[in-house]
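**Q** here is a sequence together with a model predicted from it:
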Amino acid sequence: MTDTLTAQERDAHLDVEQLKQLVGLVEYDESTDVFPVTGWDAVVFVVGNATQAAHYYQSAWGMELVAYSGPETGNRDHVSFVLRSGSIRFVLQGAVDPDSPLADHHRRHGDGVVDIALEVPDVHRCVEQARTAGATVVQEVQELSDEHGRVLVAAIATYGETRHSLVQRVVDGVRYDGPYLPGHVERTSSYQPRQGQPKRIFQALDHVVGNVELGHMDEWVAFYNRVMGFVNMAEFVGDDIATDYSALMSKVVANGNHRVKFPLNEPAVGKRKSQIDEYLEFYRGAGAQHLAVATNDILASVDALRANGVEFLDTPDSYYEDEELRSRIGEVRVPVEELQKRKILVDRDEDGYLLQIFCKPLGDRPTVFFELIERHGSLGFGKGNFKALFEAIEREQERRGNL
Ligand SMILES: [Fe+2]
């Protein structure tokens, strides 16, 4: 079914060839899938101030406001701003009523991802499968409707207080044609992007990473295998992402066509607190660590984002000057100096290479952030960079006598 685009991909004027390059879409036999997934539906954030966050994600990240729900539309509990970039839908929710459950969620977790919603062709079948496989159904199948039509929605629990809403947008052969979900109205913004900025800074969602507690990674891998029939992709364990000072373990699961990919990290024991431990401490438990968004021109994307004030993790010059790295990455589409200027990382495997960069945390706590990724055949996640980057940082520390 790789030749079938999702409605969001069609709306974004993407085609299958582009998606194969952007997010590594592959062929698979859907007839054996126990939990068919059409693709991503939305990534839902709870934030402290959705009104201002909606402006930030438009002005800094180039997203476009398309829908809204709030007191004016009869929702007295919270506001909900729906933004788009390419085929991705982001929803920003903030409490209006001080007694809203979202206010409690925000106090515990800070700004973060509450729901990684997936579009499915048959929500009843998915919920049945999930329940049989031992998942917690946090919302039974419910029909929502308005003048735009009907949708069926359910939700299952995943790591921490995160859930997967399962959204069926075609009911009895008719696709819901509202701007998001019933209860939301179309909304645009008077915000004008900076002149010369790419029409959109990124095109599609590549993967969403979950950080889970020490010793629980395999449980969650098994959860996605058993409940959703997801397959295991490349896995990096132990030494792959370990230096003397920082360590993490990571495994990756994906749906059959690899549209939806979930790397799962757990901290590994190192000499110092790992970045995963820091996340778990400040998020108060497991949660979504980063969202990797795909672009076909990461140089232009990074330039636009920097011009808009977005800050990225720094990469030391020693990373680019490292002989071992240079010989490992070989030829890429631009001179290494162009990557170095922008602090973009590069990784190569047997299938090709990828370019990637990580931004600083999006909110006040050192928790959720974005990655930009430009794939050239590689279906990996930048495994080579974890060690190279950590070691490069440590070499810098050593040079300063701080290691
Ligand atoms: Fe990533």
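**A** Sure, I can see it. Residues are numbered from 1 along each chain as shown.

**Q** need the contact list for the nearest residue to Asn255 once chain neighbours are set aside.
**A** Counting by C-beta to C-beta, 6 or more residues apart in numbering, Val37 is the residue found nearest to Asn255 once chain neighbours are left out, at 4.6 Å. In short, each C-beta sits where N, CA and C put it, glycine included. Val37 is in contact with 118-120, 228, 255-256, 259-260, counting by C-beta atoms under 8 Å, 6 or more residues apart in numbering.

**Q** tell me the SS of Val37?
**A** coil (DSSP: H, G, I helix; E, B strand; the rest coil).

**Q** what does the pLDDT read for it?
**A** We have a pLDDT of 95 for Val37.

**Q** the one 4 residues further on too?
**A** As predicted, Asp41 sits at a pLDDT of 98.

**Q** my guess is it meets Val123, correct?
**A** No: checked against C-beta atoms under 8 Å, the pair Asp41 and Val123 is beyond contact range at 11.1 Å.

**Q** break the protein down into its domains, please.
**A** Using automatic domain parsing, the domain parsing of the chain gives 7-186, 204-399.

**Q** report the beta-bridge partners for the residue most central in space within the chain.
**A** In the chain, the residue lying closest to the centroid (C-alpha atoms, centre = their mean) is Leu291, at 2.4 Å. Note on Leu291: beta-bridge partners Val208, Phe370, judged by DSSP bridges.

**Q** with neighbour count as extra columns, can I get the contacts of Val37 in TSV?
**A** Shown next, in TSV, are those (neighbours: other C-beta atoms under 10 Å):
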residue	neighbour count
Leu118	23
Glu119	24
Val120	25
Met228	30
Asn255	22
Gly256	22
Arg259	26
Val260	25
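
**Q** okay, and which of the residues you listed map to helices?
**A** Met228 (DSSP state H).

**Q** Asp41 and Val123: which is more packed in?
**A** Asp41 (27 against 24; other C-beta atoms under 10 Å).

**Q** so what's the residue in the stretch 1-150 of the chain that the ion sits nearest to up against?
**A** Nearest residue of the stretch 1-150 of the chain to the ion: Val23, at 12.0 Å (C-beta to the ion). Residues near Val23 by C-beta under 8 Å, 6+ apart: 204-206, 258-259, 261, 294, 375.

**Q** dump these to CSV, plus distance to Ser31 and pLDDT.
**A** Shown next, in CSV, are these (distance: C-beta to C-beta, whole Å; pLDDT from 0 to 100):
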residue, distance to Ser31, pLDDT
Ala204, 26, 96
Leu205, 26, 97
Asp206, 26, 97
His258, 17, 93
Arg259, 17, 95
Lys261, 22, 96
Ala294, 28, 97
Arg375, 28, 96
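
**Q** which one of these is nearest the ion?
**A** The ion lies nearest to Asp206 out of the contacts of Val23, by C-beta to the ion, at 7.5 Å.

**Q** hey, what's in contact with both of Asp41 and Val123?
**A** Taking C-beta under 8 Å, 6+ apart as the contact rule, Asp41 and Val123 both touch Val167.
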